[in-house]
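[1] structure here, sequence nowhere to be found:
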């Protein structure tokens, strides 16, 4: 059974990042990240092995839950997940977490493996950092198993 990664890269368009409407989703991670890999484990603590308890990783940003003020795009995705779970039951989606680009950029700036699922996402984050700053770019992720 596949273990997909879903979520968004968000940017804070407002200077006050704690504001309810500060964040906007700009990149749908599900469109560019396919399945969990070593980078997914190291950053978000997500893989079949991590979730099943077969593997323990000291991830940068594991199991933080959904940020208090997610973007409209993330809220819409969570509403769709909630409707799906109401109809079919829970267990397919989980591992909700988030991290600021500022927290993971040191890891991302290392030379990732050529087959990393995150190469394109990190490139987007570096570009967004130029405009918004590293502390106003955020990854919100979860898995679909």
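    That came through, no problem. Owing to the predicted nature of the structure, the values given are computational and were not obtained by experimental measurement.

[2] show me what the helix or strand hosting residue 127 is packed against.
    Assigned by DSSP states H and E, residue 127 belongs to helix 119-132. Other elements packing on helix 119-132 under the criterion 3 or more Cβ pairs under 8 Å, 6 or more residues apart in numbering; DSSP states H and E are strand 4-12, strand 23-28, helix 29-32, helix 101-108, strand 137-144. All C-beta spots, glycine's among them, are computed from the backbone N, C-alpha and C.

[3] turn these into TSV, columns for mean neighbour count.
    What follows is the helices and strands packed on helix 119-132, written out as TSV (neighbours: other Cβ atoms under 10 Å):
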stretch	mean neighbour count
strand 4-12	23
strand 23-28	19
helix 29-32	16
helix 101-108	17
strand 137-144	24
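
[4] nearest to residue 88 among the ones you listed would be which one?
    strand 137-144 (12.5 Å; Cβ to Cβ).

[5] any weak-confidence spans in the protein?
    1, 112 (pLDDT under 70).

[6] let's see that with 90 instead.
    1-3, 13-15, 34-35, 51-53, 91, 107-117, 145 (pLDDT under 90).

[7] the residue of it positioned farthest from its centre and residue 81, how far apart?
    Distance from the centre of the chain peaks at residue 87, with 24.9 Å (Cα atoms, centre = their mean). Separation of residue 87 from residue 81 (Cβ to Cβ, to the nearest Å) stands at 11 Å.

[8] next: residue 49.
    23 Å.

[9] cool, and residue 14?
    To residue 81, residue 14 is 26 Å away according to Cβ to Cβ.
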